[in-house]
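# this is the structure alone, sequence omitted:
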């Protein structure tokens, strides 16, 4: 009896997390701000913990530290986004029935929090570009379209959530990318674990391509309904983003991940080739030698 009561209490608590009136602008903007500051906090926490734990991190340049922390933040965000995407793809009966118009309170919550994350990403990327005098066009385009697409969900309350949730599921490659980046910087890119993780990373990018084809299938199968449901301005943003992802971004990232496996080239700093799994000053062993 007590076990049943506990299960009911836990179920009610989980529903209360998502039980907001999402029609209200006030609710949507507050959750957007919450998503922004949650992931900004994780970004700063990654910096503090890495500075404390990793000797290799302390030897990195400011630009490389920014990429390290962005990579960790994206990996953590992927846990949330992949959970929501997989639930919509395989489990939630509402989304199984209608992939164009369906909405759920839990999907509202995840889409708005995700918009806050991509707002944070855009701010960090543009600040990094200004401070470090760089411009990663692929990352800028990807995050602008991601934020624009989710902002369309927030502003158009009748938009279905299935396609945006599939967009969140595309973050499936972020955890393995995070692990790859961190191991590369600490001089462990010559290990069996790094190579196995890199194979997983490449596989995830191929899975992303399959999921992108699924998104195209949903759009093409329900073309008129999707255009009407999203509204023409939001549909144009979504269509351009999905086309860019299909034809340019995902193939390019797949190629670079494969290149990294065989050439040990740092994707964020392509002019730096890493020899024997580490690059001079980035290796903690070298750091120790310098101290001596």
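Looks like it arrived, so ask away. Bear in mind that the values here come from a model prediction, so they are computed numbers and not experimental data.
# next secondary structure element downstream of the helix or strand hosting residue 243?
Using DSSP states H and E, residue 243 sits within helix 232-244. Following helix 232-244 in sequence order, the next helix or strand is helix 250-263 (DSSP H and E).
# in this structure residue 135 contacts residue 125, no?
No. With contact defined as C-beta atoms under 8 Å, residue 135 does not count as touching residue 125 (9.6 Å). Yep, even glycine has a C-beta here, placed from its N, CA and C like the rest.
# okay, those two: which has more neighbours?
residue 125 (20 against 12; other C-beta atoms under 10 Å).
# how about the helix or strand harbouring residue 211: buried residues?
Secondary structure assignment for residue 211, by DSSP H and E: helix 192-221. The neighbour-count check on helix 192-221 (16 or more other C-beta atoms under 10 Å) flags 194-195, 197-198, 201-202, 204-205, 208-209, 211-212, 215, 218-219 as buried.
# do the same with stretch 59-68
Neighbour-count burial for stretch 59-68 [16+ other C-beta under 10 Å]: 59, 60, 64, 65, 66, 67, 68.
# same thing with stretch 132-149?
The neighbour-count check on stretch 132-149 (16+ other C-beta under 10 Å) flags 139, 141, 142, 143, 144, 145, 146, 147, 148, 149 as buried.
# okay, those residues in JSON lines with distance to residue 30 and pLDDT next?
As requested, those are exported to JSON lines (distance: C-beta to C-beta, whole Å; pLDDT from 0 to 100):
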{"residue": "139", "distance to residue 30": "28", "pLDDT": "82"}
{"residue": "141", "distance to residue 30": "29", "pLDDT": "87"}
{"residue": "142", "distance to residue 30": "26", "pLDDT": "86"}
{"residue": "143", "distance to residue 30": "22", "pLDDT": "86"}
{"residue": "144", "distance to residue 30": "23", "pLDDT": "87"}
{"residue": "145", "distance to residue 30": "24", "pLDDT": "89"}
{"residue": "146", "distance to residue 30": "21", "pLDDT": "91"}
{"residue": "147", "distance to residue 30": "18", "pLDDT": "90"}
{"residue": "148", "distance to residue 30": "21", "pLDDT": "89"}
{"residue": "149", "distance to residue 30": "21", "pLDDT": "88"}
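# which ones among these map onto helices?
139, 141, 142, 143, 144, 145, 146, 147, 148, 149 (DSSP state H).
# what about the closest residue to residue 50 other than its chain neighbours, neighbour count?
In space, and not counting its chain neighbours, residue 50 is closest to residue 57: 4.2 Å by C-beta to C-beta, 6 or more residues apart in numbering. By other C-beta under 10 Å, the residues close to residue 57 number 23.
# quick one: list the elements packing against the host helix or strand of residue 57.
For residue 57, the enclosing helix or strand under DSSP H and E is helix 55-58. Counting by 3 or more C-beta pairs under 8 Å, 6 or more residues apart in numbering; DSSP states H and E, the packing neighbours recorded for helix 55-58 are helix 25-53, helix 284-291.
# list the buried ones in it?
So, applying 16+ other C-beta under 10 Å, buried residues of helix 55-58: 56, 57.
# quick one: mean pLDDT for that helix?
Per-residue pLDDT values across helix 55-58 average out to 91.
# and the very next helix or strand once past it with helix 25-53, angle?
Going down the chain from helix 55-58, the next helix or strand is helix 62-86, by DSSP H and E. With axes from the mean of the first three to the mean of the last three C-alpha atoms, to 10 degrees as the basis, helix 62-86 and helix 25-53 are set at 130 degrees to each other.
# what about helix 62-86, distance to the chain center?
With C-alpha atoms, centre = their mean, to the nearest Å as the basis, helix 62-86 stands 6 Å off its chain's centre.
# who touches stretch 103-110?
With C-beta atoms under 8 Å, 6 or more residues apart in numbering as the test, stretch 103-110 has contacts from 15, 17-20, 22, 31, 80-81, 84, 87-88, 92, 94-95, 160-161, 165, 168.
# thanks a lot, catch you later.
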